[in-house]
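> The sequence and its predicted three-dimensional model are supplied below.
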Amino acid sequence: MNLFALAIVAATTLMGSNDTPAGEKKPAIIQYGESVKAGNGTLRSFVRLDAKGNPAQLGVAISEATLKSLPAEDAYWVLTMPKGSDKAQIQHVSFNWMPHGHEPDGVYNVPHFDCHFYYTSNEDRLGIVENDPRFGKDPEGAYLPKGYVKGPALPQMGAHWIDPTSPELNGKPFTTTFIYGALDGKVTFLEPMFTLDFLKNVKDEQLLVKQAEKVEKAGFYPAAYRFVYNAAEKQYEVILEDLQNRK
């Protein structure tokens, strides 16, 4: 992507990403989506459910073997969502790898990943064309975080809405940022974007997701995103968490 030209497994014995921030109850169950081959390893989506069966965390697991065997050119993989994730509205994940990064130079031209969590189907996403007329219809301001600005609108993705206060847009090195996506007046995806170096060196880091005043559909929406190295499973996890039941 060119951003600026973007089954059931018990979890009670797992460590790493199954540990929640201090004071929070651990999710009871983890369910994985179908594994997708990536390099010599795998990618898979997952949901962690609380004791009431509600999603507590939603994310993508990246095996160590994948990080050690990434392709030399741009690639992306589509991940289906596991059972139990429907209350979080996410229908699929498009996981992009860009070994050369993309413009603007000095900001995003480093090896990094774009992890798109889509509220729409893969078929709908693939139907987004270059110069799609739907790019011109923006969501009402209340459905995007205050201060976000419209960035590029790209085929098979949508329009990207960016936080201009992000450190990498203010003279600091790029590590991770959080993007909202939209099409035809609706928010259509959430996107943690992060560098390979950041992911390889992460242990456990949580960041806030800036919130919109309103959501279009009732469901569970993330107030934070998180990166964890799960030593027990030998995988890196990109997580949407602190899921709030919004109406």
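Yes, it's here. This is a predicted model, so every value here is computed, not measured. Numbering: from 1, shown residues only.

> any low-confidence regions in this protein?
Within the chain, the segments meeting pLDDT under 70 span 1-28.

> For it, which segments count as helices?
When secondary structure is read from DSSP state H, the chain shows helices at 64-67, 122-126, 196-201.

> Figure out which of the ones you listed is closest to Val78.
Minimum separation from Val78 across the helices of the chain (C-beta to C-beta) falls at helix 122-126, 5.6 Å. Using the backbone N, CA and C atoms, a C-beta is placed for each residue, glycine as well.

> gap between the closest one and the chain center?
Distance of helix 122-126 from its chain centroid, counting by C-alpha atoms, centre = their mean, to the nearest Å, is 17 Å.

> Could you pull out the buried residues of that helix?
Using 16 or more other C-beta atoms under 10 Å as the test for burial, helix 122-126 gives Asn122, Arg125.

> Mind giving me the packing neighbours of it?
In terms of contacts (3 or more C-beta pairs under 8 Å, 6 or more residues apart in numbering; DSSP states H and E), helix 122-126 is packed against strand 92-98.

> Using CSV, write down the CA coordinates of the strand it packs on.
Provided in CSV are the C-alpha atoms of strand 92-98 (Å, rounded to 0.1, in the frame of the first residue of the first chain):
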residue,chain,number,x,y,z
HIS,A,92,-12.0,-9.2,7.9
VAL,A,93,-8.3,-8.0,8.2
SER,A,94,-6.1,-6.9,5.4
PHE,A,95,-2.5,-7.1,6.7
ASN,A,96,0.0,-5.2,4.5
TRP,A,97,3.8,-5.5,4.5
MET,A,98,5.9,-2.7,2.9
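
> who touches it?
1, 6, 38, 43, 45, 60, 70-71, 74-81, 111-118, 121-122, 125, 157 (C-beta atoms under 8 Å, 6 or more residues apart in numbering).

> Need the buried ones from those residues selected in PyMOL.
Here is the PyMOL command that selects only those of the contacts of strand 92-98 that count as buried (16+ other C-beta under 10 Å):
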select buried, resi 1+6+38+43+45+60+70+77+79+81+112+113+114+115+116+117+118+122+125+157
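
> Which of the contacts of strand 92-98 fall within strands?
Among these, the residues falling in strands (DSSP state E) are 38, 43, 45, 60, 75-80, 112-118.

> In a markdown table: the helices of the chain, plus distance to Pro55.
Below are the helices of the chain laid out as a markdown table (distance: least, C-beta to C-beta, whole Å):
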| stretch | distance to Pro55 |
| --- | --- |
| helix 64-67 | 24 |
| helix 122-126 | 20 |
| helix 196-201 | 23 |
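
> Which among the ones you listed is found nearest to His102?
Closest of the helices of the chain to His102 is helix 196-201, at 13.9 Å (criterion: C-beta to C-beta).

> how about that closest one: buried residues?
Buried residues in helix 196-201, counted by 16+ other C-beta under 10 Å: Leu196, Phe198, Leu199.

> Kindly report the same for stretch 237-247.
For stretch 237-247, a neighbour-count test (16+ other C-beta under 10 Å) marks Glu237, Val238, Ile239, Leu240, Glu241, Asp242, Leu243 as buried.

> Just give me the closest of the buried residues of helix 196-201 to Tyr32.
Of the buried residues of helix 196-201, the one sitting nearest to Tyr32 (C-beta to C-beta) turns out to be Leu199, at 19.2 Å.

> Does the closest one touch Ile62 like I think?
Yes - using C-beta atoms under 8 Å as the test, Leu199 is close enough to Ile62 to be in contact (7.4 Å).

> Please enumerate the shared neighbours of these two.
With contacts taken as C-beta under 8 Å, 6+ apart, the residues that reach both Leu199 and Ile62 are Tyr236, Val238.

> which one of the helices of the chain lies closest to Gly181?
Counting by C-beta to C-beta, Gly181 lies closest to helix 122-126 out of the helices of the chain; the figure is 9.8 Å.
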